[in-house]
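Engineer: here is a sequence with its predicted model. Questions after.
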Amino acid sequence: MVLVLQAGLNCILNMILPNSFYTRTDVVTIARDLPGKFLVTEIHGVRTSGMIVEVEAYAGIKDRASHAYGGRRTKRTEVMFAQGGVAYVYLCYGLHQMFNVVTNVSGVPHAILIRGIEPVEGIDVMLERRKYSVLKPSLTGGPGSLSAALGITTVLTGCQLSGPEIKVEDRGVGFSVEEIVACPRIGVDYAGEDALLAYRFYIRGNRFVSRAKK
DNA sequence: CAAACGATTTTCT
DNA sequence: GAAAATCGTTTGG
């Protein structure tokens, strides 16, 4: 009885997002829903997690900032065409692992880049992975940094986001519209008019949100 | 097959 | 604030 109650409670407090969360067709809406959700990894049995605080939406074939712009379908981008609910991890600048959530139905290559998390579980492990001695915003602020802290690499591309290696959970944390800031994406100046779209969302005032360059 | 480049981070000045 | 680090992916010849 106790076990059942605990399982039930755990289910309510740590609900793994269902596939229907990701297969919705508006990637911007999904992106706005992600801040406040929890990204959990279990790599070689080691658990680390953090609350998502910053994301960017990439709207597929019509978005010049997207890897899938124009329907570009290559070995690297192939996973973006999968049904929503899997990971897209790619290497940037030869050294940074970028973690994305694939969304929309099969055949529509939409994705959301996770740009920042606030550490929650396994902080000691994250410090070790990053060779940090103290917790500071750059530990998990920025897309390459959070992947390194959580142990996410390109080998996890294509993984289901319902586990076991990677999970995204709703733990009942929510934010009001005023607390979620919408603004243009970072590092996509090459995208012309699409660079102006307010596809970046972050939690106002959170220390783990990356700063836009000037 | 060669070459340019990027949804970045860190370090040095 | 500028520059280096660093390599898989993509594109062009």
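Structural biologist: Perfect, thanks for sending it. Keep in mind the model is a prediction, meaning the values are calculated, not measured. Numbers count the residues shown, from 1 in each chain, chains lettered A, B, ... in the order given.

Engineer: tell me the buried residues in stretch A:157-175?
Structural biologist: A:157, A:159, A:161-162, A:165-170 (16 or more other Cβ atoms under 10 Å). In this view, the C-beta of every residue, glycine as well, is placed from N, C-alpha and C.

Engineer: same question for stretch A:55-71.
Structural biologist: Going by 16+ other Cβ under 10 Å, stretch A:55-71 has these buried residues: A:55-60, A:63, A:65-69.

Engineer: neighbours of the residue in chain A positioned nearest to DNA strand C, how many?
Structural biologist: Per Cβ to the nearest atom of the strand, A:Gly94 is where chain A lies closest to DNA strand C, at 2.7 Å. Here the count is done by other Cβ atoms under 10 Å, and A:Gly94 has 5 residues near it.

Engineer: SS state for it?
Structural biologist: coil (DSSP: H, G, I helix; E, B strand; the rest coil).

Engineer: ends of stretch A:36-47, how far apart?
Structural biologist: 19 Å (Cα to Cα, to the nearest Å).

Engineer: what comes up buried for that stretch?
Structural biologist: A:36-43.

Engineer: show me which pair in the buried residues of stretch A:157-175 is furthest apart.
Structural biologist: A:Thr157 and A:Asp170 (23.6 Å; Cβ to Cβ).

Engineer: what sits against the nearest residue to A:Glu169 once chain neighbours are set aside?
Structural biologist: In this structure, A:Glu169 finds its nearest non-sequential neighbour in A:Phe38, 4.5 Å apart by Cβ to Cβ, 6 or more residues apart in numbering. For A:Phe38, the contacting residues are A:14, A:49-52, A:120, A:168-171, A:173, by Cβ atoms under 8 Å, 6 or more residues apart in numbering.
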